[in-house]
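Trainee: structure for this input, please:
(chains A and B)
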Amino acid sequence: QQQVKQSPQSLIVQKGGISIINCAYENTAFDYFPWYQQFPGKGPALLIAIRPDVSEKKEGRFTISFNKSAKQFSLHIMDSQPGDSATYFCAATATGGGNKLTFGTGTQLKVEL
Amino acid sequence: KAGVTQTPRYLIKTRGQQVTLSCSPISGHRSVSWYQQTPGQGLQFLFEYFSETQRNKGNFPGRFSGRQFSNSRSEMNVSTLELGDSALYLCASSLGSGGYNEQFFGPGTRLTVL
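Mentor: Residues are numbered from 1 along each chain as shown, chains lettered A, B, ... in the order given. As a prediction, this is how the structure comes out:
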């Protein structure tokens, strides 16, 4: 059973544009929602994370929006750059149960010049 | 500070064989988690070890096992390999287990089963 649904599967954005990736979860026990960035040949790296007690978190060009009632969260990449081209994964975890991360299916982002 | 290291980086095995993968966490980290990454199933949690004890286990058959040593290094073993076990196996280390602990991933071991 897929507990975190992610869309779109792939995304092409022009340089300087906004990239938006959406995720939805089912398990109400989830209380920590990180986003990971993965480049080819590398392991995922934490980009930004949010707890459900806030509706938005911003770090540089990256913003997470969180809607607890809808059980949805999204990643916005402002002023997208070619170096942002990578695969992005949303994830969720129930922090009381250890470090088990449940991942979305991933979004392959390509930023074109 | 050195990152998470995984050995070997690439491995080719045949069906029916067994394999052992190794993960050295960041110094001071006591939790190690393992994930399987495939194009079809994405990133799936295998298990987590914290202070030498298995804390969590994902939905994988008993052919997949792991352990953690007193220095926090971890190994995972897959017995009786199947073609479907071909995947990138990632380990992630963290200071603690539970809470808002950031997990740091290694580069992975690419396993090919022929």
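Trainee: roughly how far apart are the residue of chain B found nearest chain A and B:Ser93?
Mentor: Per C-beta to the nearest C-beta, B:Phe105 is where chain B lies closest to chain A, at 3.3 Å. For every residue, glycine as well, the C-beta is placed using N, CA and C. B:Phe105 is 8 Å from B:Ser93, where distance means C-beta to C-beta, to the nearest Å.
Trainee: which of these two has more neighbours?
Mentor: Between B:Phe105 and B:Ser93, B:Ser93 has the larger neighbour count (other C-beta atoms under 10 Å in any protein chain shown), namely 28 against 23.
Trainee: tell me the predicted confidence for the residue of chain B closest to chain A.
Mentor: Note on B:Phe105: pLDDT of 96.
Trainee: secondary structure element holding the spatially closest residue to it that is not a sequence neighbour?
Mentor: Once flanking residues are discounted, B:Phe105 sits nearest to A:Gly43: 3.3 Å by C-beta to C-beta, 6 or more residues apart in numbering or on different chains. According to DSSP states H and E, A:Gly43 maps onto no helix or strand at all.
Trainee: again with B:Ile26
Mentor: Assigned by DSSP H and E, B:Ile26 falls outside every helix and strand.
Trainee: show me what from chain A comes close to chain B.
Mentor: A:32, A:34, A:36, A:41-46, A:49, A:51, A:89, A:95-106 (C-beta under 8 Å from any C-beta of the partner chain).
Trainee: of those, buried ones?
Mentor: Taking 16 or more other C-beta atoms under 10 Å in any protein chain shown as the criterion, what is buried in the residues of chain A next to chain B is A:32, A:34, A:36, A:43-44, A:49, A:89, A:95, A:98-106.
Trainee: hmm, who's touching stretch B:94-107?
Mentor: For stretch B:94-107, contacts defined as C-beta atoms under 8 Å, 6 or more residues apart in numbering or on different chains pick out A:32, A:34, A:36, A:41-46, A:49, A:51, A:95-99, A:101, B:3-6, B:9, B:23, B:26, B:28-33, B:48, B:50, B:55, B:90-93.
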